[in-house]
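mind looking at a prediction? Sequence and model below.
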Amino acid sequence: MSTGSGEDGETIVTAFSIGDLVFGTVPGEAVPDLGLELRRIMGGEHRFLITLGMDWLGCVMTPEQCGDLRYIYFSVLSVGPESGPTLIEAYNHIFDSWSRPQP
């Protein structure tokens, strides 16, 4: 994940379940539409996102939002426009092969 300074960094994304409750961590604060997409990927009936979980990368956004002046404050607090797609890719990797409760 790019840090916005031209360097790459690493963070941790985790997922776990307790019975039919499914949890996933976000290493920052996901914008609402990104959070809804992450919950869709998680599957299950009872899904919880734990923001600021395991790390704090600032606002996790889509590339479109990073370039939109309406989101300038959040863009300044973001590690960059690829933070959202990178998080979605990580969630797809975790949940594609994970056996979890179905609604």
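Structure's in. What do you need?

who's in contact with the nearest residue to G67 once chain neighbours are set aside?
Setting aside the residues directly before and after it, G67 is nearest to P81 in space (C-beta to C-beta, 6 or more residues apart in numbering), at 6.9 Å. For the C-beta atoms, the positions are set from N, CA and C on the backbone; glycine is no exception. With contacts defined as C-beta atoms under 8 Å, 6 or more residues apart in numbering, the neighbours of P81 are 61-63, 66-67.

return the item of the residues you listed having minimum pLDDT.
Looking at pLDDT alone, the contacts of P81 dip lowest at G67, where the score is 87.

let me see the ranges of the helices in the protein.
For the chain, the helices defined by DSSP state H cover 32-42, 63-66, 72-76, 83-96.

who wins for proximity to L57 among those helices?
Proximity to L57, assessed across these by C-beta to C-beta, is greatest for helix 83-96 (6.5 Å).

which helices and strands sit right next to that closest one?
Under the contact criterion of 3 or more C-beta pairs under 8 Å, 6 or more residues apart in numbering; DSSP states H and E, the helices and strands touching helix 83-96 comprise strand 15-18, strand 21-26, helix 32-42, strand 59-60, helix 63-66.

and the helices of the chain: which comes nearest G24?
For G24, the closest of the helices of the chain is helix 32-42, at 5.5 Å, according to C-beta to C-beta.
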